[in-house]
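1. here are the coordinates; sequence isn't available:
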C-alpha cells in the first residue's frame, strides 16, 4: 500500500491543523492505521492509532484530549485533527499502515508541522 500525507504547515501556538493520509494500492479497510511523528534530534514516536473499522482508537499521552484520529474507509483516508498545538508538537508527521502485528510496515513520506510561539 502507498501512503500520501498532506496538510502540514505553520501554525501559531494554540492553533489547529488537520492532516490527511490517502492510501492506494491496497484494501484500506484491512489495515490498522496510525500517525507517528519525529522531531529534530529525536526518535520517531507514536501519536495515535485507529482500528480497521474505526471503532477503536489509541493515543499517546501527549496527544490525548488535543488530537483526534479518524478514518473514512470509503475514501481510503485517515485523518489527524490537532488542536491546542504547542511548540513541542513541531515535527514531521508520518502516517503508518500495517495489516496486523506480524505484517509489514508501510510509511507515508511525512508532512512537516511547525508550531511557532
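-> Noted; the coordinates are in hand. What you see is a predicted model; the values in this text were computed from it and never measured.
2. report the contact partners of the most centrally placed residue in the chain.
-> Residue closest to the mean C-alpha point of the chain, counted by Cα atoms, centre = their mean, is residue 35 at 2.7 Å. By Cβ atoms under 8 Å, 6 or more residues apart in numbering, the residues touching residue 35 are 19, 21, 47-49, 69, 78, 80, 93-96. Yep, even glycine has a C-beta here, placed from its N, CA and C like the rest.
3. out of the residues you listed, which comes closest to residue 60?
-> Checking these against residue 60 by Cβ to Cβ gives residue 47 as the nearest, at 5.5 Å.
4. hey, what's the nearest residue to that closest one once chain neighbours are set aside bridged with?
-> In space, and not counting its chain neighbours, residue 47 is closest to residue 35: 4.4 Å by Cβ to Cβ, 6 or more residues apart in numbering. Per DSSP bridges, the residues bridged to residue 35 are residue 48, residue 95.
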